[in-house]
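Asks: Generate coordinates for the sequence data below:
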Amino acid sequence: MEIRTATEEHLKEYVHIGSRAFAEEPWNQEWDETLLTKRYRDLLRDPQGVNYEALDGNTVIGALFGSCIQCENGILYLVHDVFVDPLYQGRGKGSELFRLAERDLYARGVATIQLDTKRSEKTVSFYEKNGFRESRSIALMMKDIEFDVIVGQIREQLTGQYAQDMAFLDEAKAKYADLEYGTEIGYEVERIRCEAYPEEQAKAEEEETRRKAEASQVLADAGDDIERGNYEAAAARCLEAIAKYEPLFYRNGFLEYFSFHSMFEAMKYAFAEEDEAEFEQAYIPFDRLFACAGDAYSQMGRYEEAAEMFDRSLAWNPVSCEVIFAYAAALCKLQDWDGVCMMAKLALRFADRRQDIGEAYGVLAYGYRMMRDWQAAVACCMLSRAYQGAQAAETELELIRTESGKDFAQWNEADMLGAAVRRQIPLGPNEAVLEAMSEMADILKEEGNTEETQQYAAMLYELTGDGE
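Replies: Sure, this is the predicted structure:
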């Protein structure tokens, strides 16, 4: 494969290949070819643009579009688009495209390459393989201005005449209902209504109180159904209430963000950690309704449906350890061990009781044992014992010994903590853990492993505040 400077001569090829490449997972984008043609023509005509085409013989198989920007510390190459024909993917062509382009960019004085990409296991692992690292100093900020402009226009057109404004606001909701932000605009219209006319706020609060009481009664009745073994009735009650009330709320953003089928470690749940109060805004307890339905399905042995209910419960409230552990139990029945470990890691981010922390490490140990990752399983048993006591941990350790046939008595704590860190297992600040982490950092420093040494040092600082 070779690369050359991209030109408008092959614009049609770039559009054809790019549209097919971005229609694949994980992007799933359906580009209009007219718009994509304009995009690539503009990039090719950019005075700061440095664009490459990848060739297999005389056939264009991919492209890299970017531009050079002078920054304080040197020239930055900002990647706009990079793609390889799906027919050539999986053969190292994308990596080779970057490798060849980097040589040319270096000759041009470029010091750094920067790009943003859709967060997925496929994309992140590809770029990490090619030497890219997530920046800890740069935050990617975005704003969709269409929403703000429309809401501003709605506010400006209020007349102060009650009947006229009520009719106008109803028309505005209907007008924008089919837009991408239609549901959110509807939510803002109701806020504008209440701000402009306080009596409407009083009506809304009264309606909220009624709905909340009704939902609470549904939960109570569903709980009684479960106690009596009427699991089907309990699930039906909860789902009926959800279907009735959930459309009233704009939560699409949260539901998408907390999709537990996406890459857990990439999400980090920073939003929830920074402001857990955001998840208490809904006056209808959807998290509990979904969880109750999940419990009912679990009792019926319908674990796929139970897992879906627990997933949706956590979309409303991702900090409930009770639901997290119930979700993990359903995933155990489905033998989804990656999902089990993912749930345990989620619990470790939010658990504040020693018992919950210990149980989360125990669930992790079980998940890793089922995946035959013995070292990680033993590490989690060690961590579980530090919080939950010896009995449960020793039972799991004995199972690991029996199933693995390994003698891990010689594995020291540094080995165990190394296994935990490599698997991005959250570590609790107990003395045994901190001591082992410090020991591991010293060993890595002596070995000259700067990157992992810094990782351990950063984790120790986060847990203890000690910057040494």
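
Asks: Touching, Ala234 and Ala293? I think so.
Replies: Yes: using C-beta atoms under 8 Å, Ala234 is in contact with Ala293, at 7.3 Å. C-beta: built from backbone N, CA, C; applies to glycine.

Asks: joint contacts of these two?
Replies: Taking C-beta atoms under 8 Å, 6 or more residues apart in numbering as the criterion, Ala234 and Ala293 both touch Ala222.

Asks: burial count for Cys71?
Replies: By other C-beta atoms under 10 Å, the residues close to Cys71 number 12.

Asks: Can you name the residues bridging to it?
Replies: Counting by DSSP bridges, Cys71 is bridged to Gly74.

Asks: Phe350 and His80: what is the separation?
Replies: Noted for Phe350: a distance of 38 Å to His80, by C-beta to C-beta, to the nearest Å.

Asks: Does the longest helix along the chain pack against any helices or strands, and if so which?
Replies: The single longest helix within the chain, with elements called by DSSP state H, is helix 198-227. Here helix 198-227 is seen to pack against helix 182-196, helix 231-245, helix 286-299 when contacts are counted using 3 or more C-beta pairs under 8 Å, 6 or more residues apart in numbering; DSSP states H and E.

Asks: buried sites along the last one?
Replies: Of the residues in helix 286-299, 286-298 count as buried by neighbour count, 16 or more other C-beta atoms under 10 Å.

Asks: Return the angle between stretch directions for that helix and helix 198-227.
Replies: Taking axes from the mean of the first three to the mean of the last three C-alpha atoms, to 10 degrees, one finds that helix 286-299 is oriented at 20 degrees with respect to helix 198-227.

Asks: Tell me how many other residues crowd Glu30.
Replies: Considering only other C-beta under 10 Å, Glu30 is surrounded by 8 other residues.

Asks: So for it, what pLDDT did the model give?
Replies: What the model reports as pLDDT for Glu30 is 90.

Asks: distance of it from Phe22?
Replies: 9 Å.

Asks: Domain ranges for the protein, per the record?
Replies: Structurally, the chain divides into domains by automatic domain parsing as follows: 2-129, 149-196, 219-417.

Asks: Dump the ones you listed to CSV, plus distance to Gly448.
Replies: Formatted as CSV, the domains of the chain follow (distance: least, C-beta to C-beta, whole Å):
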stretch, distance to Gly448
domain 2-129, 21
domain 149-196, 51
domain 219-417, 17
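
Asks: now the strands for this protein?
Replies: For the chain, strands defined by DSSP state E occupy the ranges 2-5, 52-56, 59-71, 74-84, 110-114.

Asks: can I get those strands in TSV with mean pLDDT and distance to Glu156?
Replies: Output for the strands of the chain, formatted as TSV (pLDDT from 0 to 100; distance: least, C-beta to C-beta, whole Å):
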stretch	mean pLDDT	distance to Glu156
strand 2-5	94	49
strand 52-56	95	48
strand 59-71	95	38
strand 74-84	95	36
strand 110-114	93	39
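
Asks: got the ones you listed as TSV, with distance to Phe310 columns?
Replies: Conversion of the strands of the chain to TSV gives the following (distance: least, C-beta to C-beta, whole Å):
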stretch	distance to Phe310
strand 2-5	49
strand 52-56	45
strand 59-71	41
strand 74-84	37
strand 110-114	38
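
Asks: Pipe the buried residues of helix 286-299 into JSON lines and attach distance to Ala328 and pLDDT per row.
Replies: Listed next are the buried residues of helix 286-299 as JSON lines, based on distance: C-beta to C-beta, whole Å; pLDDT from 0 to 100:
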{"residue": "Phe286", "distance to Ala328": "20", "pLDDT": "83"}
{"residue": "Asp287", "distance to Ala328": "16", "pLDDT": "85"}
{"residue": "Arg288", "distance to Ala328": "18", "pLDDT": "89"}
{"residue": "Leu289", "distance to Ala328": "20", "pLDDT": "91"}
{"residue": "Phe290", "distance to Ala328": "16", "pLDDT": "93"}
{"residue": "Ala291", "distance to Ala328": "13", "pLDDT": "93"}
{"residue": "Cys292", "distance to Ala328": "17", "pLDDT": "94"}
{"residue": "Ala293", "distance to Ala328": "17", "pLDDT": "95"}
{"residue": "Gly294", "distance to Ala328": "12", "pLDDT": "95"}
{"residue": "Asp295", "distance to Ala328": "14", "pLDDT": "95"}
{"residue": "Ala296", "distance to Ala328": "18", "pLDDT": "95"}
{"residue": "Tyr297", "distance to Ala328": "15", "pLDDT": "96"}
{"residue": "Ser298", "distance to Ala328": "11", "pLDDT": "95"}
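
Asks: Can you tell me which of those residues is nearest Met342?
Replies: Gly294 (16.5 Å; C-beta to C-beta).

Asks: Show the pLDDT at Glu246.
Replies: pLDDT recorded at Glu246 is 73.

Asks: now do Gly467
Replies: Listed pLDDT for Gly467 reads 46.

Asks: just Glu134 next, same as before
Replies: For Glu134, the model assigns a pLDDT of 85.

Asks: Equivalent analysis for the one 4 residues further on, please.
Replies: On the pLDDT scale, Ile138 is placed at 81.

Asks: what's the offset of stretch 64-79 from the middle of its chain?
Replies: 28 Å (C-alpha atoms, centre = their mean, to the nearest Å).

Asks: Export that stretch to CSV, keeping only CA atoms.
Replies: Output of stretch 64-79 as CSV, limited to C-alpha atoms (Å, rounded to 0.1, in the frame of the first residue of the first chain):
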residue,chain,number,x,y,z
LEU,A,64,-7.2,10.6,5.7
PHE,A,65,-8.4,14.2,5.9
GLY,A,66,-6.9,16.7,8.3
SER,A,67,-5.4,20.2,8.7
CYS,A,68,-2.3,21.7,10.3
ILE,A,69,-2.8,24.3,13.0
GLN,A,70,0.0,26.3,14.7
CYS,A,71,-0.1,25.8,18.4
GLU,A,72,2.0,27.1,21.3
ASN,A,73,4.0,23.8,21.5
GLY,A,74,4.4,23.2,17.8
ILE,A,75,2.2,22.2,14.8
LEU,A,76,-0.9,20.2,15.5
TYR,A,77,-2.5,18.0,12.9
LEU,A,78,-6.2,17.8,13.4
VAL,A,79,-7.9,14.7,11.9
